[in-house]
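any chance you could fold what I've pasted below:
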Amino acid sequence: MSNIQEKIDQERQQAREVCGIEGGASQECAAAWDAVEELQAEAAHQRQNQPKKNSLQQYCDDNPEAAECRVYED
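Purely as a prediction, here's the structure:
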C-alpha cells in the first residue's frame, strides 16, 4: 500500500508543477489532477478489499513484543 501512496505523492507533485507552468485552468493541469484522483480511488479500493482485523490482531500490530502476541513454532 505504501507503494501506491508514494505514487500518489509523486503524481500530486507533478500536478502542482504542471499547473504552475501551464496555469490552473489548462487541460494539462486538469489531466494531471485526474491522474491523482484515479490513484486515490485505487488506493481506497485496495483498502476496502483488505480483510478486517480483530482487536487482538490490531493490538499485536501495535505491540509485537507483547506476551499475547508471541508465536511459537513446533
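
count the residues that sit near the residue lying closest to Glu42 once chain neighbours are set aside.
Closest residue to Glu42 in three dimensions, ignoring its sequence neighbours and counting by C-beta to C-beta, 6 or more residues apart in numbering: Ile4, at 6.5 Å. Where C-beta positions appear, they are placed from N, C-alpha and C, glycine not excepted. Ile4 has 14 neighbours, counted by other C-beta atoms under 10 Å.

right, and Ile4 touches Ala41 too?
No - here Ile4 does not reach Ala41: they are 10.7 Å apart, not a contact under C-beta atoms under 8 Å.

any idea how far Leu56 is from Ala67?
12 Å (C-beta to C-beta, to the nearest Å).

which of those two has more residues huddled nearby?
Leu56 (11 against 6).

give the contact list for Gln40.
Residues near Gln40 by C-beta atoms under 8 Å, 6 or more residues apart in numbering: Ile8.

could you pull out the strands for the protein?
Here the chain has no strands by DSSP state E.

could you list the low-pLDDT ranges of it?
Residue ranges of the chain with pLDDT under 70: 1-2.

which residue sits farthest out from the middle of it?
Distance from the C-alpha centroid of the chain peaks at Asp74, with 36.9 Å (C-alpha atoms, centre = their mean).

what about that one, distance to Glu68?
Taken as C-beta to C-beta, the span from Asp74 to Glu68 is 19 Å.
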